[in-house]
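Chemist: dropping the sequence and predicted coords here.
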Amino acid sequence: YYFKVAAAAVKFKIETQQGPYTAGTAQNVTVTALDELDNVASNFTDWVTFTSEDVGAPETPGQGLPSNYQFNASNNGVKVFTLELGLRRAGDGSAEIGPKRSIKVAKLSNSLINGTTGDIVVSPDQAQCLVLALPGQSLSPGTSNGRSGSVSISTAGTPFSASVYVTDQFFNRVPSSAPATVTMSHNDPYAAQPVTSTFSGGLMTAQMTPRSKRGAWTVPGATAKTLVSVAGAGNPGACAAGSPYSSSVGVQAANTASKKLLLRLPNEGLDPGSPTGKTAAAPQEQQAASTFTATVYAADDFFNPYEPSQGMSPNVWLELSTPYGTAGTTVTLTVGSTNYPVHILAASSNTLVNAKTENASYVQASTRVVVVPNLPTKLQLLLPGQNPLPGSYSGYSGGVSDMAAGTTYWATVNLVDDYYNLEAATSTFVSEAALVYPIVRLILSAPNIGPRGFLPVGEAALIAGARQFSFIPATRTCPACSPSLPKLP
């Protein structure tokens with residue numbers, strides 16, 4: 001009779017090529033189950049699993065390490081995993097590449113039964129990729145995109161350092177490579193281009209000072225973060241589809257000593273970092289007596305609006321360059337910005353909306369808005385001594401001057417809206433069909449003035465919404481006389 005006698009396995013022995021060999025090269029691994037006397041535990045038939053306890057090791061069972069395996073009786077305690085080990089992360093003990101590699105095998109149901117082998121030297125493959133790492137990111141060899149960590153938020157006007165690594169296809173640093181054609185760029189239109197060093201040990205550093213906030217804030221005109229990119233070497237298509245060649249960084253407003261109020265009217269877009277903080281788009285034309293919204297932002301010296309979390313909350317109010325309008329009340333910008341209802345009665349191409357605060361740290365802001373008349377509704381008659389005052393209750397200032405008999409004077413007739421704004425031309429709100437200039441006739445109550453002359457004689461059409469008529473008074477006014485005026489046919 002033949003008897004097979006074996007003790008239980010208490011550990012494993014791992015045998016594999018110790019290198020050096022190139023990252024990603026397939027190797028054999030032999031695992032032997034051992035008893036407490038280091039004899040082969042030939043009756044071992046349990047599951048085993050592979051791991052690597054190296055810091056940042058990217059390999060997992062079936063992905064660089066042998067898949068989980070259940071020993072069977074025919075193994076007699078020994079299993080050869082043919083070409084199932086493929087370490088992607090390099091390690092040779094140097095400062096540039098990192099510690100030598102190790103692998104571990106353990107019983108799946110009891111990890112205390114295990115075995116380890118170390119001092120495996122894995123070398124980088126040939127240089128093929130560039131990896132850009134911004135603050136908060138680090139090179140992560142052997143991973144799917146070569147980087148780990150999240151990009152830290154940067155501050156406008158504050159420089160930060162970026163790193164560019166030359167790597168192989170598995171993102172292992174290649175210290176011997178020093179390409180001279182690598183450039184770094186970004187899409188911040190108001191920041192200087194990065195200042196780069198030369199490569200040393202497969203690493204190039206760069207200094208960048210962002211200026212404009214491009215973060216994810218819901219304001220028209222903003223783009224999604226600042227994109228930083230590298231180019232000029234390697235094969236991006238073979239390197240995780242080129243993703244490590246670029247990275248995006250959020251830029252927050254700076255807590256500068258000098259801050260600014262940023263006033264935005266309808267149709268204006270914000271453009272942080274620019275000389276005005278806004279795009280070239282002019283404010284939308286407004287109609288007299290309509291209400292529109294003005295938004296005020298607390299911003300840094302580069303016109304980057306503050307996030308609510310930054311706690312910038314000055315007390316702000318709006319003032320208008322015309323007395324005939326309202327613009328809300330003083331509001332604390334508790335979330336970094338707020339809206340104000342603006343209501344202007346007087347039409348003008350030169351109306352200023354001013355954002356003001358008592359906080360001396362902030363530079364105040366003003367924006368010009370064009371206000372056009374509302375729909376035409378009536379005629380306005382101005383005699384000598386009276387001046388037009390659009391937006392006011394009466395529509396004019398001053399009183400009628402005394403006139404001398406026999407002297408020529410001028411009367412002005414205007415086509416106006418309900419707020420005494422002159423209807424001089426069409427606009428966004430008043431179409432050509434709506435703007436019909438009437439035929440106007442001036443009639444005076446004194447019967448003997450007519451023969452002394454009106455120029456133009458009789459009826460006349462308004463030109464650009466207005467017409468002047470000359471007349472010559474012939475008699476003194478009789479306050480007690482008030483005959484009814486004839487109507488136009």
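Modeler: Thanks, I have it.
Chemist: confidence score at the closest residue to I153 other than its chain neighbours?
Modeler: In space, and not counting its chain neighbours, I153 is closest to G250: 4.7 Å by CB to CB, 6 or more residues apart in numbering. C-beta: built from backbone N, CA, C; applies to glycine. Looking at G250, its pLDDT is 86.
Chemist: my guess is G250 contacts K225, does it?
Modeler: Yes: if you go by CB atoms under 8 Å, G250 and K225 touch, sitting 5.2 Å apart.
Chemist: any low-confidence regions in the stretch 301-450 of the chain?
Modeler: Scanning the stretch 301-450 of the chain for pLDDT under 70 picks out 446-450.
Chemist: where do the helices sit along it?
Modeler: Applying DSSP state H, counting those that start in this stretch to the stretch 301-450 of the chain gives no helices.
Chemist: strands of the stretch 351-489 of the chain, residue ranges please.
Modeler: 362-363, 365-372, 378-382, 387-388, 396-397, 409-416, 439-440, 454-455, 460-461, 466-471 (DSSP state E, counting those that start in this stretch).
Chemist: so can I have TSV of these showing mean neighbour count and distance to S246?
Modeler: TSV is the format used below for those (neighbours: other CB atoms under 10 Å; distance: least, CB to CB, whole Å):
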stretch	mean neighbour count	distance to S246
strand 362-363	17	35
strand 365-372	20	35
strand 378-382	15	63
strand 387-388	13	60
strand 396-397	14	64
strand 409-416	19	60
strand 439-440	15	69
strand 454-455	16	76
strand 460-461	14	66
strand 466-471	17	62
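Chemist: can you list these in JSON lines and add distance to P314?
Modeler: Formatted as JSON lines, these follow (distance: least, CB to CB, whole Å):
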{"stretch": "strand 362-363", "distance to P314": "6"}
{"stretch": "strand 365-372", "distance to P314": "12"}
{"stretch": "strand 378-382", "distance to P314": "43"}
{"stretch": "strand 387-388", "distance to P314": "38"}
{"stretch": "strand 396-397", "distance to P314": "37"}
{"stretch": "strand 409-416", "distance to P314": "40"}
{"stretch": "strand 439-440", "distance to P314": "52"}
{"stretch": "strand 454-455", "distance to P314": "59"}
{"stretch": "strand 460-461", "distance to P314": "54"}
{"stretch": "strand 466-471", "distance to P314": "45"}
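Chemist: rewinding a little: tally up the residues packed near the residue nearest to I153, please.
Modeler: Neighbour count for G250, taken as other CB atoms under 10 Å: 18.
Chemist: likewise for the one 5 residues further on?
Modeler: Each residue near N255 was counted by other CB under 10 Å, and the total is 14.
Chemist: what is the three-state secondary structure of P244?
Modeler: Here P244 is recorded as helix under DSSP: H, G, I helix; E, B strand; the rest coil.
Chemist: from R147, how far off is it?
Modeler: Distance, P244 to R147, using CB to CB, to the nearest Å: 6 Å.
Chemist: go on, S337?
Modeler: For S337 relative to R147 (CB to CB), the value is 34 Å.
Chemist: I'd guessed P283 sits against L263; true?
Modeler: No: with contact defined as CB under 8 Å, P283 does not count as touching L263 (9.8 Å).
Chemist: common neighbours of those two, please.
Modeler: T367 (CB atoms under 8 Å, 6 or more residues apart in numbering).
Chemist: of these two, which one has the most company?
Modeler: L263 (23 against 19).
Chemist: who does that one bridge with?
Modeler: V296 (DSSP bridges).
Chemist: do you have the helices of the stretch 51-200 of the chain handy? List them.
Modeler: Going by DSSP H, counting those that start in this stretch, the stretch 51-200 of the chain shows no helices.
Chemist: any low-confidence regions in it?
Modeler: Short version for the stretch 51-200 of the chain, where the test is pLDDT under 70: none.
Chemist: before we move on, the earlier item: pick out whichever of P244 and R147 has more residues nearby.
Modeler: Neighbours per residue, other CB under 10 Å: of P244 and R147, the larger number sits with P244, 28 against 23.
Chemist: residues contacting that one?
Modeler: C129, L130, V131, L132, N145, G146, R147, F171.
Chemist: check the gap between it and H186 for me.
Modeler: 16 Å.
Chemist: same check on T279?
Modeler: 20 Å.
Chemist: who's more crowded, the two?
Modeler: Neighbour count, other CB under 10 Å: between T279 and H186, H186 has more, with 20 against 14.
Chemist: excluding chain neighbours, what is closest to the more buried one?
Modeler: V228 is the one closest to H186 (CB to CB, 6+ apart), at 4.7 Å.
Chemist: how near is the one you found to D300?
Modeler: 21 Å.
Chemist: surely A241 forms part of a helix?
Modeler: Yes: counting by three-state DSSP, A241 is part of a helix.
Chemist: show me what contacts it?
Modeler: Per CB under 8 Å, 6+ apart, neighbours of A241: none.
Chemist: one more pass at 10 Å, please.
Modeler: N145 (CB atoms under 10 Å, 6 or more residues apart in numbering).
Chemist: thanks a lot, see you next time.
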